[in-house]
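S.K.: quick one, fold the following:
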Amino acid sequence: MSPAGQEHVREERPGAVPKAPLRRSSFLFRLTRLLGFSEHRCPVCGTPVEDDGAGGSGPEAGMLAHGLCPACARALGPYVGGRCRACGLPLPWPAAGQPLLCGDCLASPPPWQGLALYGQYHGPLRQLILRFKHGGKPALAFLLAGMLADAASCLPLPDAVLGIPQHEDHLRRRGYNQAHELAVALGLLLSLPVRPGLLRRPADSPHQTGLTAAQRQRNAAGSFQAADVRGLHLWLVDDIITTGSTLRAACAELRRAGAARVDVLALARTPRP
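M.R.: Predicted coordinates:
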């Protein structure tokens, strides 16, 4: 378990990501002064945050280093309840002993081998992801990537990391791909190669919001194209797992192209309605 009591979905293995906490830094505070702003505000709740120069350790100190207020830093701790070890779906009972599988994953196991998931898609974590994804705040990628790095301490290090790709038309409309920004930040944090060219999305499929699980699965099928990834161990990064249909399609294509292993990393999992 991590220092905050996070329950990982896989056992730690040799070569796994170290759990060193992020160091306290006043960079954000110095930057706001340099740009002429009178104060720095928490990116989640907007509360003014002062740089007291205090040190610290552990996940909360790492979040404070990224300019969160103390209350939001505490609220953004990792999820510690029961969940499916394959897809991360929150379960109504704690996982004791052998990790559990939900009914969907028992009937149709996902094509990835490992899963690293930080939390549930609600509360401050949801607000932070929405600001990052839709609020034009790509700089939040480093804070969020620190959460992914903490969750991924249960996984062996890969040969390369990449985000779920977007079609060029979608990318043009939004301006940036939040999954790619997360992958780049994670690669910098852990000194891992980032190789977005290994997976493409040649077709602009309809938006997934509002679709049922079956519709999402049909929508994602055949929408990815992988390069030659024979023998590679890859980390595939996304921000949110809703039904897992997009990640299933992407992982299946990477495995078809010869990947030896694909692990999925995500910030949050939506609970089943």
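
S.K.: can you show me the strands along the stretch 151-273 of the chain?
M.R.: For the stretch 151-273 of the chain, the strands defined by DSSP state E, counting those that start in this stretch cover 160-163, 199-200, 225-226, 233-241, 261-269.

S.K.: just tell me which of these ends up closest to residue 111.
M.R.: Residue 111 sits nearest to strand 261-269 of all these, at 7.0 Å, using Cβ to Cβ. C-beta: built from backbone N, CA, C; applies to glycine.

S.K.: packing partners of that closest one?
M.R.: Applying 3 or more Cβ pairs under 8 Å, 6 or more residues apart in numbering; DSSP states H and E, one finds that strand 261-269 contacts strand 114-120, helix 123-134, helix 141-151, strand 233-241, helix 245-256.

S.K.: just the mean pLDDT for it, thanks.
M.R.: Mean per-residue pLDDT for strand 261-269: 97.

S.K.: roughly how far apart are residue 120 and residue 197?
M.R.: 32 Å (Cβ to Cβ, to the nearest Å).

S.K.: who's more crowded, the two?
M.R.: Neighbours per residue, other Cβ atoms under 10 Å: of residue 120 and residue 197, the larger number sits with residue 120, 19 against 9.

S.K.: state the pLDDT value of the spatially closest residue to the more buried one that is not a sequence neighbour.
M.R.: Excluding its sequence neighbours, the residue lying closest to residue 120 (Cβ to Cβ, 6 or more residues apart in numbering) is residue 79, at 5.2 Å. What the model reports as pLDDT for residue 79 is 89.

S.K.: neighbours of residue 79, how many?
M.R.: 21.

S.K.: sorry, back to before: among the strands of the stretch 151-273 of the chain, which comes closest to residue 83?
M.R.: Counting by Cβ to Cβ, residue 83 lies closest to strand 261-269 out of the strands of the stretch 151-273 of the chain; the figure is 7.2 Å.

S.K.: nice, that's everything, thank you.
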